[in-house]
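> let me see the structure of the following:
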Amino acid sequence: MTIKLTGLVLVSVESAEQVISRTAGEAIPAKAVVCLGESDGKVYKAKADSSTTMPAVGITKESVSAGNTAKVYQSGIVTSVLREADFSPDDMVFVSPLTAGKVTKTPPQGIGLFSQMMGRAINSSDIILEIGTACELLEV
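Here you go, the predicted structure:
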């Protein structure tokens, strides 16, 4: 795959995707950010506003119904990720604190929210997964 990052620079990227399989605890759309349920180990839509919906562990490969097996990307390139708004190339992408299962290019800000980078944008809708550690935002 050849990806245009900036200007006339072309970079060839080999997609070395890592995918795990987990039971879905709820209906989850394709390309949604997910976390693991603390008590049952199932996957649920991640949202950066609660410790029960964080940290994110990856992005679903396809839509899945509750009780069925979800395939979850943990590395590689994810196309058409669920997002709050379109990206610009090289934007950092974070778990959204506003909508469960979506990512945002705006880092979460506010006491009690969580900040977790999911990767970097390649274009307006695609990202390279670079899953970071979730950090709770506390008062200074």
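> and residue 109, how many neighbours?
Here the number of neighbours of residue 109 (other Cβ atoms under 10 Å) works out to 9. (C-beta placed from N, C-alpha, C; glycine too.)
> what's the answer for the one 3 residues further on, then?
Other residues within reach of residue 112, judged by other Cβ under 10 Å, total 13.
> distance check, the residue nearest to the spatial centre of the chain against residue 96.
Central residue of the chain (Cα atoms, centre = their mean): residue 33, 4.0 Å from the mean position. Spatial separation of residue 33 from residue 96 under the definition Cβ to Cβ, to the nearest Å is 8 Å.
> just residue 77 next, same as before
Using Cβ to Cβ, one gets 20 Å for the distance from residue 77 to residue 96.
> more neighbours: the two, which one.
Between residue 77 and residue 96, counted using other Cβ under 10 Å, residue 96 has the larger neighbour count: 24 against 19.
> so the more buried one sits against residue 47, correct?
Yes. If you go by Cβ atoms under 8 Å, residue 96 and residue 47 touch, sitting 6.7 Å apart.
> send me stretch 43-54 as PDB with only the CA atoms.
Output in PDB follows, covering the C-alpha atoms of stretch 43-54 (Å, rounded to 0.1, in the frame of the first residue of the first chain):
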ATOM      1  CA  VAL A  43     -15.700  -6.000  24.500                       C
ATOM      2  CA  TYR A  44     -17.800  -2.800  24.800                       C
ATOM      3  CA  LYS A  45     -17.700   0.600  23.000                       C
ATOM      4  CA  ALA A  46     -15.000   2.700  24.700                       C
ATOM      5  CA  LYS A  47     -15.700   6.200  25.900                       C
ATOM      6  CA  ALA A  48     -13.100   8.500  27.600                       C
ATOM      7  CA  ASP A  49     -15.400   9.700  30.300                       C
ATOM      8  CA  SER A  50     -15.400   6.700  32.700                       C
ATOM      9  CA  SER A  51     -13.100   4.100  34.100                       C
ATOM     10  CA  THR A  52     -15.700   1.500  33.200                       C
ATOM     11  CA  THR A  53     -15.400   2.300  29.500                       C
ATOM     12  CA  MET A  54     -11.600   2.700  29.400                       C
END
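> give the rounded mean pLDDT of that stretch.
Model confidence over stretch 43-54 averages 97 on the pLDDT scale.
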